[in-house]
Each structure stands twice: as C-alpha cells, then as structure tokens.
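In: Dropping the sequence and predicted coords here.
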Amino acid sequence: NKGLALVIDVKTLTYIFYRRSNLTKPFLKLTTHCNSVLCCRATPLQKAYIVRVVKEELKMRTLAIGDGANDVSMIQTADVGIGK
C-alpha cells in the first residue's frame with residue numbers, strides 16, 4: 001500500500017447511498033484500502049450519513065471537523081466532533 005487515496009464526487013455518493021444500488025458495503029470495503037478518502041461537494045445529509053455508516057458498519061471511531069452550519073449534523077454524529 002503506497003498511500004492510496006480515493007476522491008469521490010457528490011453524484012457518485014448519491015448513487016452509492018441509493019438503497020437499491022447495494023453499493024454502500026462495497027464502497028466501505030474499498031475505503032478500508034485507502035489512507036485518505038475525500039468526498040467533494042457532499043451535502044450536509046451525506047456528510048452525516050458517511051460518518052454514521054462508518055461508525056455502524058466498520059465499527060470505527062469517527063472524527064468530524066467542520067467550519068460552518070452545514071457541518072453541524074456531521075459533527076454531532078461523530079464520536080469526536082470539532083467545529084469552528
């Protein structure tokens with residue numbers, strides 16, 4: 001593993017998290033092979049959902065860092081939340 005990173009956009013996240021696509025678990029498995037995962041232009045609900053799914057499915061502690069009102073739900077969902 002040479003420091004793999006995954007960059008994903010909001011349209012792809014929407015498709016992955018669509019219940020009928022059955023792609024959430026494969027997506028999470030893919031992320032476990034990465035050192036970094038960057039979700040570009042995610043909505044506030046998607047941010048909170050990502051944190052929740054990682055906590056519940058991967059059984060990992062989560063840290064969320066945000067700098068605005070649109071990050072509140074993500075920060076509250078995380079085990080540790082940091083806001084400005």
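Out: Nice, I can see it.

In: C-alpha only now, for contacts and for neighbours.
Out: Will do.

In: Next one, pLDDT for the residue nearest to the spatial centre of the chain please.
Out: With distances taken as C-alpha atoms, centre = their mean, the residue of the chain nearest its centroid is I50 (3.1 Å). For I50, the model assigns a pLDDT of 93.

In: Where does it sit, in terms of helix or strand?
Out: Using DSSP states H and E, I50 maps to helix 44-57.

In: CA atoms only for that helix - export them in PDB, please.
Out: C-alpha atoms of helix 44-57 as PDB (Å, rounded to 0.1, in the frame of the first residue of the first chain):
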ATOM      1  CA  PRO A  44     -24.900  18.100   4.900                       C
ATOM      2  CA  LEU A  45     -27.000  14.900   5.000                       C
ATOM      3  CA  GLN A  46     -24.400  12.900   3.000                       C
ATOM      4  CA  LYS A  47     -21.700  14.100   5.400                       C
ATOM      5  CA  ALA A  48     -23.600  12.900   8.500                       C
ATOM      6  CA  TYR A  49     -24.600   9.700   6.700                       C
ATOM      7  CA  ILE A  50     -21.000   8.900   5.800                       C
ATOM      8  CA  VAL A  51     -20.000   9.300   9.500                       C
ATOM      9  CA  ARG A  52     -22.900   7.200  10.700                       C
ATOM     10  CA  VAL A  53     -22.200   4.400   8.200                       C
ATOM     11  CA  VAL A  54     -18.500   4.200   9.000                       C
ATOM     12  CA  LYS A  55     -19.400   4.000  12.700                       C
ATOM     13  CA  GLU A  56     -22.000   1.300  12.300                       C
ATOM     14  CA  GLU A  57     -20.700  -0.800   9.500                       C
END
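
In: What is the helix or strand that that helix is followed by packed up against?
Out: Next helix or strand after helix 44-57 toward the C-terminus (DSSP H and E): strand 63-66. Applying 3 or more C-alpha pairs under 8 Å, 6 or more residues apart in numbering; DSSP states H and E, we find strand 63-66 packed against helix 72-77, strand 80-83.

In: quick one: which of those is nearest R41?
Out: Comparison of the helices and strands packed on strand 63-66 against R41 by C-alpha to C-alpha identifies helix 72-77 as nearest, at 14.0 Å.
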